[in-house]
Structures are given as C-alpha cells and as structure tokens.
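A.B. asks: Fold the following and give me the result.
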Amino acid sequence: MTKKIIIAGPRGKMGNEAVHMVDGDTSFELVACIDRTNGGKQMKDIEGLPTLQIPIYEDPEACFQEIDADVFIDLTVPGAGFEHTKLALLYGIHPVVGTSGFSDDQLEALRDLSMTHGTGCIIAPNFAVGAVLMMQFAKTAAKYLPDAEIIEKHHDQKLDAPSGTAVKTAAMMQETRESKQQGHPEEKETLEGARGAETDGIHIHSVRLPGLVAHQEVLFGGPGQGLTIRHDSYNRASFMEGVKLCVQKVTDLDRLVYGLENILD
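C.D. replies: Down below sits the predicted model:
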C-alpha cells in the first residue's frame, strides 16, 4: 500500500534530499509540505524542488487537519521539530524525526503522547546505517576499554552541540562501560572548555566547520593500545536509506522508538 507523506522543511538540505527520495519511490506519495515562508504555494513554485503540484503550508496544524497522510517526516530544527511532532501525534500521523537536540523532558513528553494515542513514532539522532553500526560497536568496545572520548564534526550551520549522535553514543556506551572519571585527578583547564563536555567521565568534543557534513570518531585507550571507531557521511544521501526504512516501519508501531538501531533486523 502506498504511504502518504508530509515533509517539513523541504528547502533545507536534509528536507530537500527527503523530498527527492520520496518522489523517487513508487511506494511513497508526497501529499504536502510544511515550510515557514511559502504557505499557499505549490512545490513547483519553489526553486530547487521538483515541479510537483504539492501544497505548501506555513501552519502545521492546518496541514495535519486538511491533508490525509500516514507519515510525517521532520528534518528541521529542535524547536519547530518538537512542536511539529506533538501535533502529528495528536492527529494520528506517524512521525519520523531526524531533528536532534531534544531534551530528555521533550522526549518523555513525546513518548507519553505516542503511547496515549497509540501512534508510532521514530526519532533517530542519525539515519545513516553506518553511524548506527559505529554506535553499536562503541557500546561493545566500552565494556573492555572504558577510557574513551568522542569527537563529532559537523557543518557550521548545525545548531546543537554536542550532536544527538554523540549524546546517543555516550548513552549506549554507559550501558556496558564501568563508570569512571578519566584523566589525571588534578587535571586543570587553562582555557575553559578545552576538555569538551563530559557525561559520566566520557569527554565529548564538537567541531563545527564549513565543508563538513557529519562525522564522528570514538577513541578508546588502554595500556599499550588504542582503538578508533569512525563513521563519515560525505553527503546527505547517506541518511536516506535510514529515513526510507523508518517510513516503512513506523506505521506498524504503537509507541515511540528512539534510535535507528532499534528497528534494524
């Protein structure tokens, strides 16, 4: 059965990639988009997007009220993404969300809403299958090499730091890693922030530079040895197979799932 899809942020780099992915898949039908500046227009009126007669809404609630859809894809920014996802759940539309930067309280609120309405929702800090494997390998390694640091690198337009992928990686590592503080007990930063952020003793460093897309390495150290697990996304097409998989599976769920690894076979 064809899945009817609404996409938020079609002019963004990730949203634009998602529009082309949906338009190119015969099992999907793009039925509307949400955009903050082009309400009332058709997609064909917007430069850089496919020449389709797809309505554009500025008001997400009006979109969800008027458009019959199965799935809502949001790849925007945390503030808008949270509000969009809440509304989609209220209207019984299954969200697939790649927006990172949600707080624990926001995730819990969405989890409760999803369960209350029995509407499946997938939130994935990273849609690249290779990145998910990197996180799983890091979780395994952390059991044996608990001294570890994370370096994540993204383009300079990313709003949240550290990235959702880095936060998720650290959380997965904590499931197997013995909790410990790393480095010298009398270590002192001569320049504030030099050691990055810290969670349960794991330091996380964020790099933001033009030319980057999404990159992360997890560095492990032990007596006489080191291990580096790294993943690189060179362009945004790397995320689309994960988005497609989530769209295919989210309508079979009745609760919120956080992390692509939880739906991989």
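
A.B. asks: Look at V167 and give its secondary structure.
C.D. replies: helix (DSSP: H, G, I helix; E, B strand; the rest coil).

A.B. asks: Report the contact partners of the residue nearest to it when sequence neighbours are not counted.
C.D. replies: In space, V167 comes closest to P125 once its chain neighbours are excluded; the distance is 7.1 Å by CB to CB, 6 or more residues apart in numbering. Bear in mind the C-beta positions are built from the backbone N, C-alpha and C, glycine included. Contacts of P125 were listed using CB atoms under 8 Å, 6 or more residues apart in numbering, and they are G98, S100, S163, G164, T165, V167, K168, G259.

A.B. asks: roughly how far apart are P125 and E186?
C.D. replies: If you measure P125 against E186 using CB to CB, to the nearest Å, the figure is 35 Å.

A.B. asks: hang on, the earlier thing: could the contacts of P125 go into TSV alongside distance to V213, pLDDT and neighbour count?
C.D. replies: What follows is these, written out as TSV (distance: CB to CB, whole Å; pLDDT from 0 to 100; neighbours: other CB atoms under 10 Å):
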residue	distance to V213	pLDDT	neighbour count
G98	14	91	24
S100	14	72	23
S163	12	94	24
G164	15	89	21
T165	12	92	26
V167	18	94	20
K168	18	91	21
G259	20	90	20
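
A.B. asks: Thought Q65 was touching L87, still the case?
C.D. replies: No. Shown here, L87 and Q65 do not form a contact pair, counting by CB atoms under 8 Å, at 9.5 Å.

A.B. asks: Who has more neighbours out of these two?
C.D. replies: More neighbours surround L87 than the other of L87 and Q65, with 20 against 11 (other CB atoms under 10 Å).

A.B. asks: re the thing from before, just to be sure, the residue nearest to V167 is in a strand?
C.D. replies: No. Using three-state DSSP, the assignment for P125 is coil, not a strand.

A.B. asks: Got the phi and psi for it?
C.D. replies: P125 adopts backbone torsions of phi -60, psi -30, taken as degrees, to the nearest 10.

A.B. asks: How about D70?
C.D. replies: Per degrees, to the nearest 10, the backbone of D70 is at phi -100, psi -40.

A.B. asks: Count the neighbours of it for me.
C.D. replies: Using other CB under 10 Å as the criterion, the residues surrounding D70 number 19.

A.B. asks: wait, what's in contact with it?
C.D. replies: Going by CB under 8 Å, 6+ apart, D70 touches K3, K4, I5, I93, H94, T251.
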